[in-house]
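>>> Return a 3D structure for these sequence lines:
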Amino acid sequence: MGAAGLKLEQGKLLLIVCCSFSLWSLTACSATDQQNSSRETVTTTSQKQYQQALKDLNRGADHQAFERLKKVVTQNTATAQEKKLYNQLGRVLEIKKDLAAGNLTTAQANLADLEKVDQPDSLVKQITALKKELQASKLAKIYYQEIVTYYQAGKYAAAGGSYQALLDLSNKYQLVAAYQAKAAEYGNLISQRQSQSVASSTSAGSSSAASSNKTATNGYTNARSSKLISSEYAQKTGSSISSATNSQVSSVAESLSNDQVLEKFFKTSQIPQEAGDQYYVKQVNAQTYQIEIRHTSPSDSNVSNLKGMYQFEITTGKIAKLNEVTGNYVNIN
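Coordinates of the predicted model:
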C-alpha cells in the first residue's frame with residue numbers, strides 16, 4: 001500500500017475513534033443530566049413536603065405534618081433538617097398522648113427534652129402550648145384531689161375553693177375536662193353543706209351569723225374570712241378580726257396588696273383569674289411571698305371559699321400550695 005493509501009486508512013480510523021468517543025461522551029452526559037435532574041426533583045419534592053409540614057403546624061395539624069415528613073424519611077430522601085423536625089414532632093405527639101392519659105411525669109420529662117428548641121416558630125408554638133396544657137393538667141389533678149380530701153375532712157370552704165379553681169381552668173384540655181366532670185358531684189355536695197351550715201347558724205341566732213350577713217352585704221365576706229388579714233390585724237391590734245369595723249378591715253386588706261408580685265405569680269403559675277377573686281399578699285422574707293386567693297361561694301354570698309394559700313419564691317419562680325388538712329406546702333410547678 002502506498003503512502004497515500006496508508007494516510008487515508010489512518011484518517012478513517014481516527015474519524016471512527018473520534019465519533020465513538022463523541023457518542024460515549026454524549027451518552028455519559030445524558031446519564032449525568034438525568035441523575036442530576038432526578039436528584040433535583042427529589043430535593044424539590046422533599047422541600048415542598050417540608051414547607052407544607054410547616055404550614056400544617058401553623059394551623060395546628062401536627063399529626064398531618066408528622067405523616068407528611070414520615071414519607072420522605074421512609075423513602076430515604078429526607079434532609080437532616082427534615083429528619084430533625086420529624087423526630088421532634090414524634091416527641092410532640094407522644095407528649096399529647098401522655099397528657100390525655102394523665103401520664104404527667106412522663107409528659108414533663110419529654111417536654112424538658114424539647115426545652116431548647118427555638119425553631120421553626122410553628123414548632124415552638126406547639127411546644128409552648130403543650131407547656132400550658134401540662135401546667136393546667138397538673139393544677140386540675142391537684143384541685144380535684146383537694147376537693148375530695150377537704151370534703152371528707154369537713155373543710156367545705158377549702159373544698160369549695162378548690163372546686164371553683166378547678167372550674168376556672170380551660171376545659172379545652174382533655175384531662176382538665178375529665179377532672180371537672182368527676183368533680184361535679186362534689187360541687188353539689190359542697191353547696192348543700194355550706195347552705196346547711198349557714199342555715200343552722202342563722203336559726204341558732206348566733207352573733208357570728210348576724211355579723212356575716214352584715215359584712216357580706218357590704219362586700220367584706222372574703223376579707224373577714226382571710227387568714228392573712230386576720231393574722232395581720234391581730235398582730236397590729238391584739239384583737240380578733242370579728243371586732244374590727246369594715247374600715248379597719250379594708251385598711252389591713254389594702255396593706256396586703258402587691259400588684260407586681262401578683263402579676264409575676266399568675267404568669268408563672270398560669271392560675272386563671274376569675275372576676276370576683278380577691279387576693280392578699282404578705283412578704284415573708286426577701287424572696288418569698290404568701291398569696292391568699294378567695295372568692296365568695298356561688299351558692300351563698302355569705303360564704304368565702306379559699307381557692308388557695310400559696311408560697312411564691314419570686315426569684316426562682318417556685319410555687320407551693322398549702323394543704324389545708326396536713327398543713328404542708330406542696331409544689332405545683
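>>> which other helices and strands contact the helix or strand harbouring A178?
Element membership for A178 (DSSP states H and E) is helix 174-203. Contact analysis of helix 174-203 by 3 or more C-beta pairs under 8 Å, 6 or more residues apart in numbering; DSSP states H and E lists helix 80-101, helix 121-152, helix 156-168, helix 207-217, strand 300-313 as its packing neighbours. All C-beta spots, glycine's among them, are computed from the backbone N, C-alpha and C.
>>> isn't there a strand covering T296?
Yes. T296 sits within a strand when classified using DSSP: H, G, I helix; E, B strand; the rest coil.
>>> residues near the nearest residue to it once chain neighbours are set aside, how many?
Leaving out its chain neighbours, the residue that sits closest to T296 by C-beta to C-beta, 6 or more residues apart in numbering is T221, at 5.3 Å. Neighbours of T221 under the rule other C-beta atoms under 10 Å: 24.
>>> Let me know whether T221 touches L306 as I believe.
No. Using C-beta atoms under 8 Å as the test, T221 is too far from L306 to be in contact (12.0 Å).
>>> Pull up the overlap in contacts between those two.
Both T221 and L306 lack any common contact, where contact means C-beta atoms under 8 Å, 6 or more residues apart in numbering.
>>> okay, which residue is most central for the protein?
Centrality entry for the chain: nearest residue to the mean C-alpha point is K132, 1.1 Å, by C-alpha atoms, centre = their mean.
>>> Quick check, that one in contact with Q270.
Yes. Contact criterion C-beta under 8 Å: K132 and Q270 qualify, at 6.2 Å.
>>> among the helices and strands packed on helix 174-203, which gets the worst mean confidence?
Lowest mean pLDDT within the helices and strands packed on helix 174-203: helix 207-217, a mean of 46.
>>> Which is the succeeding secondary structure element to that one?
Following helix 207-217 toward the C-terminus (DSSP H and E): helix 221-225.
>>> ok, back up a step: now the helices and strands packed on helix 174-203 as a markdown table including distance to L54?
Putting the helices and strands packed on helix 174-203 into a markdown table (distance: least, C-beta to C-beta, whole Å) gives the following:
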| stretch | distance to L54 |
| --- | --- |
| helix 80-101 | 8 |
| helix 121-152 | 5 |
| helix 156-168 | 34 |
| helix 207-217 | 55 |
| strand 300-313 | 38 |
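>>> which of the ones you listed is buried the deepest?
helix 156-168 (a mean of 25; mean count of other C-beta atoms under 10 Å).
>>> how distant is that one from the center of its chain?
From the chain centre to the centre of helix 156-168 is a distance of 20 Å (C-alpha atoms, centre = their mean, to the nearest Å).
>>> Could you do stretch 130-148 as well?
10 Å.
>>> do stretch 63-79 as well
Computed by C-alpha atoms, centre = their mean, the chain-centroid distance of stretch 63-79 equals 28 Å.
>>> Using the three-state scheme, assign N76.
Under three-state DSSP, N76 falls in the coil class.
>>> wait, isn't E274 in contact with L169?
No. Taking contacts as C-beta under 8 Å, E274 lies outside contact range of L169: 10.4 Å.
>>> Settle it for me: which of the two has more neighbours?
Taking neighbours as other C-beta under 10 Å, E274 and L169 compare with L169 leading, 22 against 13.
>>> Test my guess that the more buried one contacts A177.
No. With contact defined as C-beta under 8 Å, L169 does not count as touching A177 (9.1 Å).
>>> Tell me who's in contact with G187.
Counting by C-beta under 8 Å, 6+ apart, G187 touches 163, 167.
>>> Please report the distance of it from V252.
31 Å (C-beta to C-beta, to the nearest Å).
>>> Perfect, I'm done here.
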